[in-house]
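I'll drop the sequence and a predicted model, then ask my questions.
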Amino acid sequence: MNLRKRLRGAKKSLGCVWRPSNRADKLNHIQFEESQSEVGETCRGSINLHEARVLSDKVTSNIVIAHSTQTFHLKAQNDLDREAWLKALEYARHRANKEADSDNDEDETLGASRGAIALEGAKKALEIKMNQLHTSKKKNEGTMKGRRMIIITAKLGKELENVMMNGEAMDRKIIGERIHMFTVASATVVQAADEIASLSEKEIKKLEKALSSENSQRIQLQEQLETLAKQHSSLERAAAREGGSGGGSGGGGGGGAIRKWERKNGIVASYSYTSDEEEFHDAEEDIYHERKTGSSVNSGEDEELFSAEIVVPEGTIMVSPRIEMKSGRFRRSSIPNRPDHPLNLWSIMKNCIGKELSKIPMPVNFSEPLSVLQRITEDLEYSHLLLDEAARKTDPLEQLCWVAAYAVSSYSTTGNRTTKPFNPLLGETYECDRMEDLGWRSISEQVSHHPPAAAHHAEGKGWTMYQDFTMTSRFRGKYLSVIPIGHTHVTFPASRNHYTYKKITTTVHNIIVGKLWIDNHGDMEITNHTTGDKCTLKFAQYSYFGRDVPRKVSGFVKDSSGNVKYVMQGTWDDHMDMLKVIKATGKGDKTKVETESPIRVWTVNEPYPGNDQMHHFTRFAIELNEEEEGVAPTDSRLRPDQRLMENGLWDEANEKKQELEEKQRMKRKAREAQVDEAMQRGEHIEEIQPIWFEKTQDEKTGSLIHVFKGEYWKAKESNDWSKSPNIF
């Protein structure tokens, strides 16, 4: 297929989302074929430009349109054609973003009582317009309105009728003046009527949207409650059966028999006990239909390996020696305790069923005093133990095991953290320089508002890690799922090994009733792009009736030929072991893998004393928001609402949060107005560019990614923050 045919095919696919009204005029008029709610669902082969990223290469005339679900690659015929396509895409994306922002502003304005407020707003708007039609607002008004205009129009009509009856007796000039005045007056009345009709149509659409949303939420809520009632009944019956058949091990009047796990010489055994504290969990449910998570879907061969019999020699687990940390500057060891305010998450979430998590306005009562930028920096908590050791490995397969342990360790802090981090403002940054004690430093920046995305870069002893973090999320009543999008890269310059993987889904359960709890589940594939080696990890979904270890993680490391070389097993909240494979025999259900004694590569740190009163933070998390001198003025540590929240001043924090969000909203609207003016003039639109990162296409994965430009630490050294915007 030649380039011309490929370009026509790509343009035809993009036409599902937008099309220029005219080839020569395509820079000024972009027409959407589908509503935002339909884009990507009803149109096959389409990309929602509201959530897409566009990148252009002047040298090759290539245009890349990247989305979480697919990526389009366009090849322009020449540089002029590339510029025309780029401008048209930017205009279309701007209109999509503007429409989405308008919808979000309406949602925030309407709040909980959507229907009533929408009806009242429509009524007031129509009353104002009708009053403008019937009464004049100003005596010296240049244009005649209202009743004056209607009376004048009627008078002119009669005069015109008299003129037509006595046309011969009147001067033609007078007749012309009368006709002109009647035309002007009639046009003004028609314009006023047209404004009322347009306003009525606009308000009716708002009202229909509000009523449709309320009806949809009511139906979903009813279905969720019915399902919850059935599951509750099923759990009661199951608990009764367990209690009746468990004898002394599970009897009693507590919350039923609950399995507890104990580790003895590396062998995990289970036993039952009676809980004094009743804890309610959702029954097992299949939430994988939402979306396949991770970077791959397991093949049939991999599924056989996960069900294979693993033969481990008896004996103790070998534990890798811990590296002694260097002493750095004194850091704080505590933060103010979280106030004991009653939280009703359902009161907020019930109006947000089906929405993106990033678009749900929440008070600080449901947050923790860290931003998303600081939360992704928490991925590095064990990097000085795992990635430093990985950098010293000469065997790429063994190195892959340590990278896998690092990928799992980033979930160790999520078990008890059911609160939400602060959404960063556009241009917000966070630096974490731990060179003096941990041997690494990192910088992150909120690089995009549509879609919300953060770029993160870290460098340590013999390794570099970078990632683009964005996510999609859905709230379904009983649970809320957060699905990360984008790749994490880990590179080792000495060996030139380059690893990538995608993060898995995190789900918050018991939104309606019971104690909130978190589960991480899905498949993760870690690929060494240098050697072709791969590690597949399975994060097991929690099952109330399952026999497996809770929060279990298991996986296999294969060389480029597909041979199993290592077994990985453990839990994402406690430890990870690697076991070198001696021999693998059999196929299917009869697969048998013999290994050497396990080596404990990672163990979670002991819970920090009193952390249950400090948002369940680890010692590392407590240090993240500590005030430091010399950081950029856009640093998350300087965000006032987050600092007020940390100090327990929640009312003041909520007021400041609304003030910052309104400031960002006004900037966005001013930016949209500038873009609209540029569109009318046919001028090129420059997207808001990140300060410390730049957008490019990744050669390994083919996706768009933001890479660190290396200028931040130079700016800090010279204390030159002239590039930093004023966002706080």
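Yep, that arrived.

From here on, just use CA atoms for contacts and neighbour counts.
Noted.

average pLDDT across the helix or strand hosting residue 189?
Assessed by DSSP states H and E, residue 189 sits inside helix 172-245. For helix 172-245, mean pLDDT rounds to 71.

got it, and stretch 56-66?
76.

next one: stretch 673-691
Averaged across stretch 673-691, the pLDDT comes to 80.

Could you list the low-pLDDT ranges of the stretch 601-728 of the chain?
Judged by pLDDT under 70, the stretch 601-728 of the chain has no weakly predicted residues.

What segments of it are strands?
693-697, 704-708 (DSSP state E, counting those that start in this stretch).

who wins for proximity to residue 517 among those strands?
Residue 517 sits nearest to strand 704-708 of all these, at 32.3 Å, using Cα to Cα.

That closest one pairs with which strands, and in what direction?
strand 693-697 (antiparallel) (DSSP bridges).

which residues are contacting the strand it pairs with?
55, 445, 447, 455, 703, 704, 705, 706, 707, 708, 709 (Cα atoms under 8 Å, 6 or more residues apart in numbering).

try 7 Å this time
If you take Cα atoms under 7 Å, 6 or more residues apart in numbering as the criterion, strand 693-697 is touched by 703, 704, 705, 706, 707, 708, 709.

Just the buried ones out of the residues you listed, please.
Listed as buried from the contacts of strand 693-697 are 703, 704, 705, 706, 707, 708; burial here means 16 or more other Cα atoms under 10 Å.

can you list these in JSON lines and add distance to residue 529?
Output for the buried ones among the contacts of strand 693-697, formatted as JSON lines (distance: Cα to Cα, whole Å):
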{"residue": "703", "distance to residue 529": "15"}
{"residue": "704", "distance to residue 529": "17"}
{"residue": "705", "distance to residue 529": "17"}
{"residue": "706", "distance to residue 529": "19"}
{"residue": "707", "distance to residue 529": "18"}
{"residue": "708", "distance to residue 529": "21"}
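
which of those residues lies closest to residue 504?
residue 703 (17.8 Å).

Name the nearest residue to the closest one, sequence neighbours excluded.
residue 697 (5.7 Å; Cα to Cα, 6 or more residues apart in numbering).

What of residue 79?
residue 61 (6.1 Å).

hmm, back to that, next, count neighbours for the residue nearest to residue 703.
As a burial measure, residue 697 scores 17 neighbours (other Cα atoms under 10 Å).

What residues are bridge-paired with it?
Bridge pairing for residue 697 - DSSP bridges - gives residue 704.

please renumber so the chain begins at 553
Understood, numbering begins at 553; the last thing we discussed is residue 1249.

can you give me the helices for the protein?
Here the chain has its helices, by DSSP state H, at 555-566, 631-662, 666-686, 698-717, 724-797, 852-858, 897-901, 924-929, 935-944, 948-961, 1171-1176, 1192-1198, 1202-1233, 1264-1270.

helices and strands around the longest one, which ones?
Right, the one you point to is helix 724-797. Where contact means 3 or more Cα pairs under 7 Å, 6 or more residues apart in numbering; DSSP states H and E, helix 724-797 is packed against helix 666-686, helix 698-717.

8 Å instead?
Judged by 3 or more Cα pairs under 8 Å, 6 or more residues apart in numbering; DSSP states H and E, helix 724-797 is in contact with helix 666-686, helix 698-717, strand 809-816.

rank these by pLDDT, which is bottom?
Among the helices and strands packed on helix 724-797, strand 809-816 scores lowest, with a mean of 38.

ranges for the strands of the stretch 853-1002 of the chain?
861-863, 870-871, 919-923, 972-974, 981-986, 992-1000.

In CSV, could you pull the C-alpha coordinates for the fifth one?
Once non-C-alpha atoms are left out, strand 981-986 reads as follows in CSV (Å, rounded to 0.1, in the frame of the first residue of the first chain):
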residue,chain,number,x,y,z
THR,A,981,6.5,20.2,40.2
TYR,A,982,8.0,18.1,43.0
GLU,A,983,11.7,17.4,43.6
CYS,A,984,13.1,14.8,45.9
ASP,A,985,16.9,14.9,46.3
ARG,A,986,18.2,12.0,48.4
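
How about residues contacting that strand?
So strand 981-986 is contacted by 925-926, 929, 992-998, 1176, 1183-1184, 1186-1189 (Cα under 8 Å, 6+ apart).

next one: the third one
Under the criterion Cα under 8 Å, 6+ apart, residues 971-976, 1167, 1176-1177, 1188, 1194-1195, 1197-1198 lie in contact with strand 919-923.

most surrounded residue in those residues?
residue 1188 (29 neighbours).

residues in contact with residue 978?
998, 999, 1000, 1001, 1279.

The same query, at a cut-off of 7 Å, please.
Contacts of residue 978 (Cα under 7 Å, 6+ apart): 998, 999, 1000, 1001.

Distance of it relative to residue 1167?
According to Cα to Cα, to the nearest Å, residue 978 and residue 1167 sit 26 Å apart.

Could you check how far the residue nearest to residue 1255 is from residue 889?
44 Å.

again, but for residue 791
Relative to residue 889, residue 791 is positioned 37 Å away (Cα to Cα).

From the structure, what's the count of residues near the closest residue to residue 1013 other than its chain neighbours?
Take residue 1013 and drop its neighbours on the chain: the residue closest to it by Cα to Cα, 6+ apart is residue 940, 5.9 Å away. For residue 940, the count of nearby residues is 21 (other Cα under 10 Å).

pLDDT at residue 940, what is it?
At residue 940, pLDDT is 96.

now swap in the one 10 residues further on and tell me
Looking at residue 950, its pLDDT is 96.

Likewise for the one 3 residues further on?
What the model reports for residue 953 is a pLDDT of 97.

Residue 596 now?
What the model reports as pLDDT for residue 596 is 58.

now for stretch 935-954, what's the gap between its first and last residues?
10 Å.

so how many other residues sit close to residue 1139?
Residue 1139: 12 neighbours (other Cα under 10 Å).

so who does it touch?
Contacts for residue 1139 (Cα under 7 Å, 6+ apart) come out as none.
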